[in-house]
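Visitor: A predicted structure for the sequence below; I have some questions about it.
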Amino acid sequence: MSVGDAAGRGGLTAGQVLARNAVSVLGAEHGSVVVFGHGYGTDQTVWRGIVERLAGEHRVVLFDYVGSGRSDLAAYDEQRYDSLHGYAEDLIEVLDAVGVSRVLFVGHSVSGMIGALASIRRPDLFRRLLMVCPSPRYIDDGDYRGGFSRADVTGLLDAIDANQLAWATSLAPIVTARPDRPEITERVREQFAATPPRIATHFARVTFLSDTRHRLSEIPVPCVVLQSQGDIIAPPHIGAYLRDHIPDCTLVTLDASGHFVHLAEPELIETHIRAAL
């Protein structure tokens with residue numbers, strides 16, 4: 001299948017899907033395919049430092065979730081995107097539109113679980129998942145410690161609603177956890193602030209209220225979880241939880257801090273991508 005041959009499940013042509021998600025296909029025509037999914041509040045540009053080094057040998061696919069980056073904002077449907085399943089369906093449509101299968105999917109944060117849901121629905125499209133700082137549930141639940149209380153999440157949503165710019169400015173240094181790299185903090189702040197306010201709040205609600213723990217045992221492909229240290233979004237014990245609940249999962253603890261290790265240490269993430277290939 002080539003680009004332009006496929007159609008999305010919503011009746012969209014492949015070209016419309018590619019435009020909707022601002023899809024970029026780079027690198028070699030043949031060989032392994034690596035697909036990158038960004039996390040909440042960012043877009044595909046966060047992967048550029050890694051992609052530039054991979055594209056000479058591999059085919060690379062980048063895209064923006066609807067509502068992020070250069071995606072078609074008019075396509076944002078709160079009903080479709082009221083759960084992670086809507087984003088997983090978009091990921092499937094993107095892969096079908098590009099005409100690729102058995103890809104290595106590299107997903108940051110919530111994209112790890114989006115990739116997991118997509119692989120359960122269409123295992124033929126994936127050969128392996130590489131999750132960077134993922135979490136199956138962010139809110140504490142009984143003995144499960146996600147790292148946030150429901151009140152924490154409510155406060156986060158209220159802060160976005162009240163003043164998105166101030167929220168982005170205060171949160172960026174906490175989640176990057178790299179005071180030695182102020183340019184990384186500033187880049188994350190800019191991305192957080194650039195998301196349209198209505199979408200920023202809705203996507204945050206869907207992300208931080210999501211719970212995919214009950215689906216982990218269904219993941220049909222091997223997974224690698226890259227867990228950084230000092231990550232308040234996905235605390236270190238989350239990596240161990242995923243390792244213990246995904247049938248074929250390898251946990252790698254990175255010698256790096258913060259939730260945006262792919263921006264701060266792109267060479268480190270590239271090393272693990274090459275190992276997964």
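Guide: Arrived safely, thanks for sending.
Visitor: which stretches of the stretch 101-250 of the chain form helices?
Guide: Ranges of helices within the stretch 101-250 of the chain are 110-121, 150-162, 164-176, 182-194, 197-208, 236-245, based on DSSP state H, counting those that start in this stretch.
Visitor: ok, now which ones touch Ser101?
Guide: Contacts here follow CB atoms under 8 Å, 6 or more residues apart in numbering; on that basis Ser101 touches 95, 124-125. (Each C-beta comes from the backbone N, C-alpha and C, glycine too.)
Visitor: For Ile219, state which of the residues you listed is nearest.
Guide: Nearest to Ile219, judged by CB to CB, of those is Leu125 at 13.1 Å.
Visitor: you'd agree Gly115 is up against Ile92?
Guide: No. Counting by CB atoms under 8 Å, Gly115 stays clear of Ile92, with 10.3 Å between them.
Visitor: what's the most buried one of the helices of the stretch 101-250 of the chain?
Guide: Neighbour counts (mean count of other CB atoms under 10 Å) averaged over each of the helices of the stretch 101-250 of the chain peak at helix 110-121, with a mean of 25.
Visitor: so that helix versus helix 197-208, what angle?
Guide: For helix 110-121 against helix 197-208, the angle by axes from the mean of the first three to the mean of the last three CA atoms, to 10 degrees is 70 degrees.
Visitor: Would you quantify the distance from Tyr241 to Asp143?
Guide: Plainly put, Tyr241 is 11 Å away from Asp143 if you go by CB to CB, to the nearest Å.
Visitor: Next: Thr42.
Guide: Taking CB to CB as the measure, Thr42 falls 32 Å from Asp143.
Visitor: More neighbours: which of those two?
Guide: Between Thr42 and Asp143, counted using other CB atoms under 10 Å, the more crowded position is Thr42 (26 against 5).
Visitor: Need the three-state assignment for the more buried one.
Guide: Here Thr42 is recorded as coil under DSSP: H, G, I helix; E, B strand; the rest coil.
Visitor: With adjacent residues omitted, what lies nearest to it?
Guide: Excluding the flanking residues, the one nearest Thr42 by CB to CB, 6 or more residues apart in numbering is Gln191, at 4.6 Å.
Visitor: for that neighbour, what are its contacts?
Guide: Neighbouring residues of Gln191 by CB under 8 Å, 6+ apart: 41-43, 46.
Visitor: Can you lay out those residues as a markdown table showing distance to Pro236 and pLDDT?
Guide: As requested, these are exported to a markdown table (distance: CB to CB, whole Å; pLDDT from 0 to 100):
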| residue | distance to Pro236 | pLDDT |
| --- | --- | --- |
| Gly41 | 22 | 94 |
| Thr42 | 22 | 97 |
| Asp43 | 27 | 97 |
| Val46 | 22 | 97 |
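Visitor: Tell me the one among those residues nearest to His272.
Guide: Nearest to His272 among the contacts of Gln191, with distances taken as CB to CB, is Val46, at 16.2 Å.
Visitor: Going along the chain from the lowest-mean-pLDDT helix or strand in the chain, find the next helix or strand for me.
Guide: Among the helical and strand segments of the chain, the one scoring lowest on mean pLDDT, DSSP states H and E is helix 48-54, with a mean of 91. Once the chain leaves helix 48-54, the next helix or strand it forms, by DSSP states H and E, is strand 59-62.
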